[in-house]
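1. Test case, fold it:
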Amino acid sequence: MQPESRLDQEIERRRAKLELARSLGMKPFGEPYEVTAKARTIAEKCDEMAGQEVRIAGRLTALRGHGKATFADLRDRTGRIQLHARIDVLGEESYRNFERLLDIGDLIGAEGAVFRTKRGEPTVEVSKWTLLTKSLRPLPEKWHGLTDVDLRYRQRYVDLIVNPEVQDTFVKRTKVISYIRHYLDERGFLEVQTPVLQTVAGGAHARPFVTHHNALDIDVCMRIATELYLKRLIVGGLERVYEIGPDFRNEGIDTKHNPEFYMLEVYQAYADYNDMMRLVEEMISGCAQEVLGTVKLSAEGHTIDLTPPWNRLKVWEGMEQWAGVRPGDLRDNRDAGEIVRKLNLKMDKGITKGSVIDKLLDEYVEPKLIEPTFLMDYPVEISPLAKRIESDPSLTYRFEPFVLTRELGNAFSELNDPMDQKERFLAQARERQLGDEEAHPYDEDFITALEYGMPPTGGLGVGIERLVMLLTGIDSIRDVMLFPMMRPR
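-> Numbering: from 1, shown residues only. Alright, predicted model coming up:
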């Protein structure tokens, strides 16, 4: 018999039970149920709660019949608890219905006294039960051994049901976001919301998704970053703002990238990138302590301590140390071509000074950044929104935080000189002409905003998924997104 036939047969068997339950006056797609206790509380305080009557609800994940008694495992959001159903407690009719109507996957409510079995298992002695939802499809029998990882992402609801550790990952993700909000709110930052649909997709090097607005008859882009709108609010005098929300980039999908992802962006007036460094190391170490109970992470054979202060490394120091390239070796696009040939770099975009710097950092420097490190003082060619360093205008006050070779974000002393910003945008336009489709577009309204005056400002962006991956030790972005982008079947 083919697996499809067995599945169809099982669904029909469960549908028959559904109709039988209805004929007995039950409501197999249920009503509200008052819950007075959670599985974890019962398990942790079993002796203290012994004899106490509780009402618990959740999904059946195991059924073990023993004649006139049945043990069942019930799982709610907090964990698993054992149920004990006996004929001499429930009565013959209720117990027989428990036996013949229920399947693994059903959602039930159970009422009864808490006790500990002879084997020491915290348990609820069921004196009354209610079918809350009949499950018409069986759960996978060996989900942990399933090699089709693709199916886990497509049917995340099933993944969450049968894999408690997956639930735990997303509980931690929620705690991460909650902690960040609390941290920033306590420091006087105002959470705001900016447009998702934009006429100019700026704030990052990325290719946007483009759609059409029918009423206005214009093409609009889904935002690739919130940066330029948040800085408009700094111009407007809000001084400390942040936003946590989705950005969209029309790029490839791999273990670190998904076309839709969540970003935290923070902007603080009268601050600079040094203030942002202190904010990052304090916020992330505090987040780890809150979510994990420790600031020390063990991953990939390394033990990492997130306690501030983190290491500081300048971009050209890293490139000279690991790639053997000095500033004088890479002065313009002609030098860039020579370095590509010398190092046999495989370029996926036009060969310019900026693109080669990006490539050198990606291949030679970033893989060395194991300890928490701020890679800082990026060349101006790849930092169109960052303020120049006064002592060396070829560099900018920009840093990226790295832990275990993973880039967590991007931060600047924000460029607030409208004339310099205009020249940078024009330089990016020239990069586009040379084949860089991700070069920053020209945003005239943003230039206008800067002309009204933006105070010296520190800005920061942190990838939420990247941070959750770090704190959970997970290697793929798809495992920290509830519903990652998938190719249609």
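
2. Leaving out chain neighbours, which residue sits closest to Met376?
-> Phe399 (3.9 Å; CB to CB, 6 or more residues apart in numbering). Quick note: C-beta positions are derived from backbone N, CA and C, even for glycine.

3. my read: that neighbour touches Phe374, true?
-> Yes: applying CB atoms under 8 Å, one finds Phe399 in contact with Phe374, separated by 4.5 Å.

4. Look at the residue nearest to Met376 and tell me its secondary structure.
-> strand (DSSP: H, G, I helix; E, B strand; the rest coil).

5. where's it relative to Ile339, distance?
-> 24 Å (CB to CB, to the nearest Å).

6. So these two - more neighbours on which side?
-> Phe399 (28 against 20; other CB atoms under 10 Å).

7. How about the contacts made by the more buried one?
-> Tyr273, Met276, Met277, Phe374, Leu375, Met376, Asp377, Tyr378, Asn410, Ala411 (CB atoms under 8 Å, 6 or more residues apart in numbering).

8. mind redoing it with 7 Å?
-> Contacts for Phe399 (CB atoms under 7 Å, 6 or more residues apart in numbering) come out as Tyr273, Met277, Phe374, Leu375, Met376, Ala411.

9. Helices - which of those land there?
-> Tyr273, Met277 (DSSP state H).

10. can you put the contacts of Phe399 in CSV and add distance to Gln52, neighbour count and pLDDT?
-> CSV is the format used below for the contacts of Phe399 (distance: CB to CB, whole Å; neighbours: other CB atoms under 10 Å; pLDDT from 0 to 100):
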residue, distance to Gln52, neighbour count, pLDDT
Tyr273, 56, 24, 98
Met277, 52, 21, 98
Phe374, 53, 23, 98
Leu375, 56, 22, 98
Met376, 58, 22, 98
Ala411, 53, 27, 98
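
11. before we move on, back to that, find the residues that touch each one of Phe399 and Phe374.
-> Met277.

12. tell me which residues in the lowest-mean-pLDDT helix or strand in the chain are buried?
-> In the chain, no helix or strand scores lower on mean pLDDT, DSSP states H and E than helix 149-154, which sits at a mean of 86. Along helix 149-154, these residues count as buried under the neighbour rule (16 or more other CB atoms under 10 Å): Arg152, Tyr153, Arg154.

13. The second one and Arg59: what is the separation?
-> Taking CB to CB as the measure, Tyr153 and Arg59 are separated by 21 Å.

14. how about low-confidence regions in the stretch 201-350 of the chain?
-> For the stretch 201-350 of the chain, no stretch is flagged by pLDDT under 70.

15. Name the SS class of Phe71, please.
-> strand.

16. Count the neighbours of it for me.
-> For Phe71, using other CB under 10 Å, the count is 16.

17. What's the per-residue pLDDT of it here?
-> Listed pLDDT for Phe71 reads 97.

18. hey, what's it bridged with?
-> Taking DSSP bridges as the rule, Phe71 bridges to Arg64, His84.

19. Next up, the contacts around it.
-> By CB under 7 Å, 6+ apart, the residues touching Phe71 are Arg64, Gln82, His84.

20. The second one and Asp358: what is the separation?
-> Relative to Asp358, Gln82 is positioned 56 Å away (CB to CB).

21. Then Leu132?
-> 55 Å.

22. cool, and Leu434?
-> For Leu434 relative to Asp358 (CB to CB), the value is 14 Å.

23. same deal with Ile234?
-> 28 Å.

24. and if you look at Phe209?
-> Taken as CB to CB, the span from Phe209 to Asp358 is 22 Å.

25. Kindly report the same for Phe399.
-> To Asp358, Phe399 is 15 Å away according to CB to CB.

26. Pull the residues that contact stretch 8-17.
-> Contacts for stretch 8-17 (CB under 7 Å, 6+ apart): Leu101, Asp103, Lys134, Ser135, Leu136, Arg137, Pro138.

27. make it 10 Å
-> 1-2, 28, 100-103, 105-106, 131, 134-138 (CB atoms under 10 Å, 6 or more residues apart in numbering).

28. Give the buried residues for that stretch.
-> Here stretch 8-17 shows Arg14, Lys17 as buried, counting by 16+ other CB under 10 Å.

29. For that stretch, the averaged confidence score.
-> Stretch 8-17 comes out at a mean pLDDT of 96.

30. Kindly report the same for stretch 442-449.
-> Rounded mean pLDDT across stretch 442-449 is 95.

31. Show me what counts as buried in that stretch.
-> Asp443, Phe446, Ala449.

32. wait, isn't Leu306 in contact with Val291?
-> No: applying CB atoms under 10 Å, one finds Leu306 not in contact with Val291, separated by 11.6 Å.

33. Which one's more surrounded, the two?
-> Set side by side, Leu306 and Val291 show more neighbours around Leu306, with 23 against 20, by other CB under 10 Å.

34. Could you pull up phi and psi at the more buried one?
-> Note on Leu306: backbone dihedrals following degrees, to the nearest 10 are phi -90, psi 0.

35. For the stretch 51-200 of the chain, which segments count as helices?
-> Assigned by DSSP state H, counting those that start in this stretch, the helices in the stretch 51-200 of the chain fall at 87-90, 92-101, 149-154, 156-162, 164-186.

36. The ones you listed: which one's closest to Gly350?
-> Nearest to Gly350, of all the helices of the stretch 51-200 of the chain, is helix 149-154, at 34.3 Å by CB to CB.

37. just checking, what packs against that closest one?
-> helix 156-162 (3 or more CB pairs under 10 Å, 6 or more residues apart in numbering; DSSP states H and E).
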